[in-house]
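>>> Pasting the sequence and the predicted coordinates here, then a few questions.
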Amino acid sequence: QPLSRRGASWSYERRLFTASTMAWSLLGGFLLVRNPHDVWATEPSLLAVELVFFLVFYTMMSHAQASGSRKCMLLFLASMASGWPIELLTLFNHELDNMWHAQAMVMAFWGKEPVWMLMLYGWLLYAPTALVWG
């Protein structure tokens, strides 16, 4: 049904917009998932970056598992584990908590940390090392 401002279509558009402004709270608010249409309406480039990093994360995880090498899987886990403590330290230490992140589609730690930023550490550390190991 086309979304125009004539007749019954207008009420359909308003209902659609109202339904799209919801966010899902999972694990007691630990993980928040926003509707991608809301993120696209306010910050389309943020949604694009987030989807790219979800794809990159999935590709790295698949590569680590498909390689059959224990060293690739350990590299993947170590690359994720090395960046997260720094991020969490700056997030939960009130003296260091001097930043604010835009609200992405998937947010962790009660809406304070975009999940794509946690995946970024894996890409920064895993990809160059796995490429050199070839």
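Sure, I can see it. Residues are numbered from 1 along each chain as shown.

>>> alpha carbons only for contacts and neighbour counts from here, please
Noted.

>>> Double-check that Gln65 belongs to a helix.
Yes. Under DSSP: H, G, I helix; E, B strand; the rest coil, Gln65 falls within a helix.

>>> Count the residues that sit near it.
Neighbour count for Gln65, taken as other CA atoms under 10 Å: 14.

>>> thought it was touching Leu74?
No. Between Gln65 and Leu74 there is no contact under CA atoms under 8 Å: 10.1 Å.

>>> where do the strands sit along this protein?
23-26, 31-34, 106-108, 113-114 (DSSP state E).

>>> okay, the ones you listed in JSON lines with distance to Phe54 next?
As requested, the strands of the chain are exported to JSON lines (distance: least, CA to CA, whole Å):
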{"stretch": "strand 23-26", "distance to Phe54": "18"}
{"stretch": "strand 31-34", "distance to Phe54": "14"}
{"stretch": "strand 106-108", "distance to Phe54": "10"}
{"stretch": "strand 113-114", "distance to Phe54": "12"}
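
>>> Give me the pLDDT for Leu96.
pLDDT for Leu96: 71.

>>> out of everything not next to it in sequence, what's closest to it?
Nearest residue to Leu96, sequence neighbours excluded (CA to CA, 6 or more residues apart in numbering): Thr90, at 5.1 Å.

>>> Got the confidence number for that neighbour?
82.

>>> need the helix or strand of the protein with the lowest average pLDDT.
In the chain, the helix or strand scored least confidently by mean pLDDT, DSSP states H and E is helix 8-20, which has a mean of 41.

>>> Just put the strands of the chain in CSV and tack on mean pLDDT and distance to Leu120.
Listed next are the strands of the chain as CSV, based on pLDDT from 0 to 100; distance: least, CA to CA, whole Å:
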stretch, mean pLDDT, distance to Leu120
strand 23-26, 72, 22
strand 31-34, 89, 17
strand 106-108, 90, 14
strand 113-114, 90, 10
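
>>> Out of the ones you listed, the one nearest Glu95 is which?
strand 113-114 (16.9 Å; CA to CA).
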